[in-house]
Each structure stands twice: as C-alpha cells, then as structure tokens.
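**Student:** below is the sequence, then the predicted model.
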Amino acid sequence: MTPAIKLLKRAKIPFTLHEYEHDPAAPAYGLEAAEKLGRPVEQVFKTLLVAVDGDGKRLAVGVVPVHLQLDLKAIATALKVKRVAMAKPVDAERATGYIVGGISPLGQKKRLPLVLDASASGQASILVSGGRRGLDIELAPQTLCELTGGSVAPIARA
C-alpha cells in the first residue's frame, strides 16, 4: 500500500484504484496509463515537479493532463514566484519519496505547493498516479486540492 493510498484511507476519502501492467519500454508513463486504462487523455493527469528560482530544495508540484506539457511561466505565475525550471529527477524523488513515473501528488514526504491544471475542473473525476508505475487513483479534482492544499490555474499547454 503506497503512502497515497494510506492518506486517502486515513482521511476516509472515496477513490477508485486502477492497476495495469506497466511496460518498462513505454516512452511516456502518463500516456501509457490512459491507453491501458481506456481513459481519455483529458482525464488522466501526470505529476511534475519544478524547482523554484532554480533551487533544487524549493520544489512545487504541477498536475497536468498527460497529453499536454507544463507551462513553466504559467505555473511560476500561479505560485507567485519569478521563475521555475523542471526539477532534477533525483530532487523530485528525494522530496516526494516516489520514483519518477510513479510520483503521486498525494502522500508525498513533504507537503509541497501544488497547482492543478484548470482543465481538471471540467471533469467529475481525474486519475493521478497512485505512487508506483502501473497504479492510478481516481478521485474528484476538488478532493485532490483539498487534501494537498493545492490551487487550480491554467498551467498546461499543447
């Protein structure tokens, strides 16, 4: 049981687990999840970490649909900081306790600022990583924000 699942159970939050056989050769973890789970790419979200002002110890989380990219200027604006850059994988893993490709926005070692893309607001539920490759959690987008103290802003781009 991953820390993300433990958090949801402890909080008595309704959620659905979705497991699939992860292919280590898959070029994109999020797109693989959408395809294997038979879900539209607009409903499956990936968790990306950014370093604030180039500081690998000051991280924040962006959650965007798997078929889109994280707009670094937009998330910097949402976080009210000057600039951000993608976090180094080792820094992301250290801060969250998860491995790249299985980083969940829930149950991270440290509570980091989180911004969920505004497109999630149009979904009754979204899927995010459950804390390991091949495991996704389905829950309401507002529940994700409540549990993480996150905000919603348009942070994705094609």
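**Tutor:** Looks like it came in fine. Numbering: from 1, shown residues only.
**Student:** so how far is residue 111 from the residue nearest to the spatial centre of the chain?
**Tutor:** What sits nearest the mean C-alpha location of the chain, by CA atoms, centre = their mean, is residue 47, with 2.4 Å. Separation of residue 47 from residue 111 (CB to CB, to the nearest Å): 14 Å. All C-beta spots, glycine's among them, are computed from the backbone N, C-alpha and C.
**Student:** residue 21 is in what secondary structure piece?
**Tutor:** Using DSSP states H and E, residue 21 maps to neither a helix nor a strand.
**Student:** residue 111 too?
**Tutor:** Using DSSP H and E, no helix or strand contains residue 111.
**Student:** list the contacts for it?
**Tutor:** Listed by CB atoms under 8 Å, 6 or more residues apart in numbering, the contact set of residue 111 reads 148, 149.
**Student:** which residues touch residue 75?
**Tutor:** 50, 60, 62, 84, 115, 153, 155.
**Student:** phi, psi of the fourth one?
**Tutor:** Comment: the main-chain dihedrals of residue 84 come out as phi -140, psi 160, following degrees, to the nearest 10.
**Student:** go on, the first one?
**Tutor:** The phi and psi torsions at residue 50 (degrees, to the nearest 10) take the values phi -120, psi 150.
**Student:** thought it was touching residue 88?
**Tutor:** No: with contacts counted by CB atoms under 8 Å, residue 50 stays clear of residue 88, the gap being 10.7 Å.
**Student:** have a look at these two and say which one is more surrounded.
**Tutor:** residue 50 (25 against 13; other CB atoms under 10 Å).
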